[in-house]
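Chemist: take this sequence and fold it.
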Amino acid sequence: NPDASAAETAEVVVNQQMASALKSQDKVRIFLRAVLTPAFFKNKEIEKNAPTVAKIIQSNPIMQRHLIGAIEGMTIVDGFQDKHFPVMLKQLYDEDLLEEDVILEWAFDGRTDYTLAIVDEDARAGLRGLAEPVVAWLQNDSDSDSDSDSD
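Modeler: Now for the predicted structure:
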C-alpha cells in the first residue's frame, strides 16, 4: 500500500517474516528486495524507504550489520552492479540507517555470521574494496572528530 505509514509497512514486513518462520534479520532483506531496484539512486528509493527501514532495524547495531549483509547479497545476486554497493552503503549512512562504527566494524571484520551464504569471501572482499572510499572517508571523519576532542 503506497499510502501506508512507515510503521504500518514495517508491521506488514514483520508479520510476513514471522508467518514464514524466517529469522528476525530476514525482514530487512525481504523489505529491501521488495523496494530497491538497480535504478535506486535515480529514483531516490533509499531516501523514500528510509523511514520504514528505520522502523525495521530500530537503530540496532546487529540489524545494521544484517542491513549491510542484505545489500551485499543484493549486489551479488539481484542484478545490481558492483558499483552500486558503495553508493547504497553511503546513502544508508546519510539516511542515519547505518552508524559509522557499524560500517567500520564491517570493513575490518572480514566474513562473519552477518555475511549471507550466497556471498563468498572473494565477492565480499571485492565489495569491501569498492567501499574503500566510504571507509576512508569515515575514518578521516572519525580522526578529525577525535582531533577536535583533544583540543
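
Chemist: only C-alpha atoms from now on, for both contacts and neighbour counts.
Modeler: Will do.

Chemist: helix, strand, or coil at Phe41?
Modeler: Secondary structure state of Phe41, per DSSP: H, G, I helix; E, B strand; the rest coil, is coil.

Chemist: against Ala54, how distant is it?
Modeler: Computed as Cα to Cα, to the nearest Å, the Phe41 to Ala54 distance reads 19 Å.

Chemist: more neighbours: these two, which one.
Modeler: Shown here are Phe41 and Ala54; by other Cα atoms under 10 Å, Ala54 has more neighbours (20 against 15).

Chemist: give me the contacts around the helix or strand containing the more buried one.
Modeler: Following DSSP states H and E, one finds Ala54 within helix 45-57. By Cα atoms under 8 Å, 6 or more residues apart in numbering, the residues outside helix 45-57 that reach it are 6-7, 9-10, 14, 27-28, 31, 35-37, 40, 63-64, 88, 91-92, 95, 97.

Chemist: kindly report the same for stretch 118-127.
Modeler: Here stretch 118-127 has contacts from Glu72, Gly73, Ile76, Val77, Asp82, Phe85, Pro86, Gly110, Arg111, using Cα under 8 Å, 6+ apart.

Chemist: thanks again, I'm all set now.
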